[in-house]
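Student: turn this into a model:
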Amino acid sequence: MSSELDSLRQRIIEFEAENAEVKAKYIKVMDENAEVKAENAKLRCALEEHEARFTRLEQRDKEKTNLIAKMDDDIKEIKQSSANASSVENPSNVVRLGKLEKMAKPSNTSDSTFNSNACKPIRTETKSLENKETDDFLDEEYKRKVSDEFRQRKREKKLQGELIVQESSLAINTSCITDLSTTSTGLVTPPEQVVEESIPKESSAKSAIPCESFGNKQDTPPQKIPYNQKVEQDLICELLEFIKCHNSTSLPNSISSKHILDVPVNTNLTPGSVLHLAHLFDKAEKTSRKEKLQWYYYSEEYEKKIVTLRSENNISDQMARTQIYDEMELYLPGKKREYLR
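Tutor: Have a look, this model is predicted:
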């Protein structure tokens, strides 16, 4: 009896050991199954991504084929329209093509193959001539269009500038009067007033000399002016001269009596005299101011043109500058691009 119990206990222990091994194997299999499921999920995601990419590529290929077909149709239409336009504009080409076709027809049935082979290069030559003529025609049309647009813009800018000058002439007159009265009060010295009273005054805009240039030659040194104020005063003087040239209204007598010294024609401007030196200095200074003002106008219009091109065509600053240089070189032959900057 005891032996049977011992054997049963031994069997129970063996079964428990086998059960533990089976449990360990089950746990291992479950872990492997979880890994396999994770890999399957990854593979499914990758497969879905590849399928989505494949569908997108197919869609893009379809779009590209449709676009290419559309472009081919457009090119055919453009070629046909350009050929029609060139034939309408140059009827001699049609006559020449008709003559070539008549020459290309076979005279006899025996040498038909020879005539057909001989006519092939003639047809290609006529096609090349047609293409060349159409290209020349398109180039001429493009150049004419660009030149017309450039002239139109220039004309519009000129009209706009004239309107602005006419509308703002009164405001500029008043502002220039106040600026000159504030900036030039300390520049008139007693010797200048004596010279101003001794010389008769006449209305001559070309021979006007500022009192500042004449006062520099006197014994009393003038008051120093900052550089910004000097530039502002020069620009104001140029604006006044511009308004004088375009408008018949003269400046008030207060400005002409305080800040402008009119030199009559019969004044003795002998070489070596102080008045002659002042006159030469004034001419040189006015020439320099006019040149600076012209460069200022050019720079301002150039920057405005760049801003307009960038806003209209949505291009970069360098592309806009290059386009302006290319258009200007058509009207300024011989000028290098470095001088236009």
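
Student: with adjacent residues omitted, what lies nearest to V146?
Tutor: Nearest non-adjacent residue to V146, counting by C-beta to C-beta, 6 or more residues apart in numbering: E327, 6.5 Å away. (Glycine included, C-beta is placed from N, CA and C.)

Student: that neighbour looks like it's in a helix, true?
Tutor: Yes - assigned with DSSP: H, G, I helix; E, B strand; the rest coil, E327 falls within a helix.

Student: residues near it, how many?
Tutor: For E327, the count of nearby residues is 16 (other C-beta atoms under 10 Å).

Student: distance of it from L275?
Tutor: In this view, E327 and L275 are 49 Å apart by C-beta to C-beta, to the nearest Å.

Student: next: R337.
Tutor: In this view, R337 and L275 are 46 Å apart by C-beta to C-beta.

Student: who's more crowded, those two?
Tutor: L275 (18 against 13).

Student: now do the SS call for that one.
Tutor: Taking three-state DSSP as the rule, one finds L275 in the helix state.

Student: excluding its backbone neighbours, what's nearest D234?
Tutor: R289 (5.0 Å).

Student: buried sites along the helix or strand encompassing the one you found?
Tutor: Secondary structure assignment for R289, by DSSP states H and E: helix 274-313. Across helix 274-313, burial judged by 16 or more other C-beta atoms under 10 Å covers 275, 277-279, 281-282, 285-286, 289, 293, 305-306, 309.

Student: ok, so of these, who is nearest C45?
Tutor: Of all the buried residues of helix 274-313, the one with the least separation from C45 (C-beta to C-beta) is L309, at 49.0 Å.

Student: that closest one contacts S316, correct?
Tutor: No - assessed by C-beta atoms under 8 Å, L309 is found out of contact with S316, at 10.1 Å.

Student: check what pLDDT the residue nearest to D234 gets.
Tutor: We have a pLDDT of 77 for R289.

Student: state the distance from it to Y297.
Tutor: Taking C-beta to C-beta, one finds R289 at 13 Å from Y297.

Student: K25 and E32: what is the separation?
Tutor: Distance from K25 to E32, by C-beta to C-beta: 10 Å.

Student: now L163
Tutor: 88 Å.

Student: with A17 instead?
Tutor: 23 Å.

Student: go on, K292?
Tutor: Distance, K292 to E32, using C-beta to C-beta: 88 Å.

Student: and the one helix or strand E63 maps to, what does it pack against?
Tutor: Assigned by DSSP H and E, E63 belongs to helix 2-89. Where contact means 3 or more C-beta pairs under 8 Å, 6 or more residues apart in numbering; DSSP states H and E, helix 2-89 is packed against helix 91-104, helix 112-167.

Student: and those helices, which one is worst for confidence?
Tutor: helix 91-104 - the lowest mean pLDDT of the helices and strands packed on helix 2-89, at a mean of 51.

Student: and the contacts of stretch 307-325?
Tutor: The contact list for stretch 307-325 (C-beta atoms under 8 Å, 6 or more residues apart in numbering) reads Y302, K305, I306, R337, L340.

Student: now do the contacts for the first one.
Tutor: Going back to what we said before, that points to Y302. I324.

Student: give me the distance between N131 and K62.
Tutor: Distance from N131 to K62, by C-beta to C-beta: 32 Å.

Student: which one of the two is surrounded by more residues?
Tutor: Neighbour count, other C-beta under 10 Å: between N131 and K62, N131 has more, with 14 against 10.
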